[in-house]
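*Asks:* kindly generate the corresponding structure for this input.
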Amino acid sequence: MVNIQQLDPSASPLDYYGSELRRQREAHGLTQHQLGEIIFCTGSLVGQIETTRKVPTREFSERVDAALGTDGLFSRLIGLVLRSQLPTWFQPYAAMESRATYISTFQAQVVYGLLQTRRYARALLAVDHPEKADEMVAARLERQRILERSEPPALWVVMSEAALLQEVGDREVMREQLAHLLTFRANPWVQIQVLPFAAGEHTGMMGSFNLLRFEDDPDLFYVESYDQGHMTANPPVIKERSVGYARLQATALSPEDSAALITRVMEERHGDPS
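*Replies:* Predicted structure coming up:
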């Protein structure tokens, strides 16, 4: 007799997704293998997702919705599932980030998460979490969907020149990442400035930080350490960091000159060996 793993749909978004997938599949009289054939994957993968041993992707969810006629159920659930794969301490910030109308960030070492390519993100996340890299990359890419909305937040990024020079992955990964940054030149809602080493000492030398603005809620300041994040709406902190951010913007290269520097670094430092 086959031992069917019992699921607790209330345990987590991933458990709920798995239990719903099993329930809908069985309601349609399909085996895992049969559903897998319909949506172009293995029955084993279907089983792993049903039992939470594997995290589903958005593509998988859309195919299941189409195959089972579930009216977008799994496509809606996948956002919650992927968000639950973010570090617990980071999830409150991600929730606020998704609601913000204006995001301004200073990045001292790496490209901001909303602008990272899949391979760049994977190289970063696999350093400390190789066993969960796929899930964490999927969660990071899911965050980026806010930039694809019909009314996306305005995003202003000031990044240190160090983020362009620090090799993440390899030269090909870096070239792809820098080329990706350049694609935002035509996006009216995304502005990227590079703070060059020549700027000397500056107000961001204590590290990366973000400022979030909302339609009806107070502004938020966010900073993180190795294993925790800190958010505050304290007015003196918001005022002090907002002024500090304005000084960073004034000191950094213009968006046009920043694009020129990104292009030069991409070609000279991360270009083809030939």
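*Asks:* Thr42 - how many residues pack around it?
*Replies:* Using other C-beta atoms under 10 Å, Thr42 is surrounded by 12 other residues. Where you see a C-beta, it was placed from the backbone N, CA and C, and this is true even at glycine.
*Asks:* now it. Nearest residue, chain neighbours left out?
*Replies:* Nearest residue to Thr42 in three dimensions, chain neighbours excluded: Gly36, at 5.1 Å (C-beta to C-beta, 6 or more residues apart in numbering).
*Asks:* which residues sit against the helix or strand hosting that neighbour?
*Replies:* Using DSSP states H and E, Gly36 falls within helix 32-38. With contacts defined as C-beta atoms under 8 Å, 6 or more residues apart in numbering, helix 32-38 is touched by 25, 28, 30, 42-47, 50, 64, 67-68.
*Asks:* could you pull out the strands for the stretch 51-200 of the chain?
*Replies:* For the stretch 51-200 of the chain, applying DSSP state E, counting those that start in this stretch gives strands covering 102-107, 154-160, 190-195.
*Asks:* may I see these arranged in CSV, with distance to Gln144 and mean pLDDT as well?
*Replies:* Output for the strands of the stretch 51-200 of the chain, formatted as CSV (distance: least, C-beta to C-beta, whole Å; pLDDT from 0 to 100):
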stretch, distance to Gln144, mean pLDDT
strand 102-107, 12, 97
strand 154-160, 10, 97
strand 190-195, 11, 97
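*Asks:* and of these, who's closest to Leu211?
*Replies:* strand 102-107 (4.7 Å; C-beta to C-beta).
*Asks:* endpoint to endpoint, stretch 80-91 covers what distance?
*Replies:* 11 Å (C-alpha to C-alpha, to the nearest Å).
*Asks:* ignore the last one, stretch 200-214
*Replies:* Using C-alpha to C-alpha, the end-to-end distance of stretch 200-214 comes to 32 Å.
*Asks:* in it, what's buried?
*Replies:* His202, Gly204, Ser208, Phe209, Asn210, Leu211, Leu212, Arg213 (16 or more other C-beta atoms under 10 Å).
*Asks:* tilt between the longest helix along the chain and strand 154-160?
*Replies:* Longest helix in the chain, counting residues (DSSP state H): helix 235-251. Taking axes from the mean of the first three to the mean of the last three C-alpha atoms, to 10 degrees, one finds helix 235-251 and strand 154-160 inclined to each other by 70 degrees.
*Asks:* list the contacts of helix 235-251.
*Replies:* 104, 106, 156, 158, 193, 195, 199, 202-204, 209, 211, 218-221, 232.
*Asks:* in PyMOL, how would I select just the buried ones from these?
*Replies:* Applying 16+ other C-beta under 10 Å to the contacts of helix 235-251, the buried members can be selected in PyMOL as follows:
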select buried, resi 104+106+156+158+193+195+202+204+209+211+219+220+221
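*Asks:* ok, back up a step: report the buried members of the contacts of helix 32-38.
*Replies:* Arg25, Leu30, Leu45, Val46, Gly47, Glu50, Val64, Ala67, Leu68.
*Asks:* okay, these in TSV with pLDDT and distance to Arg175 next?
*Replies:* TSV is the format used below for the buried ones among the contacts of helix 32-38 (pLDDT from 0 to 100; distance: C-beta to C-beta, whole Å):
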residue	pLDDT	distance to Arg175
Arg25	95	43
Leu30	95	44
Leu45	94	32
Val46	95	37
Gly47	94	39
Glu50	93	40
Val64	96	36
Ala67	95	38
Leu68	96	41
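*Asks:* what about Glu131, how many residues nearby?
*Replies:* 8.
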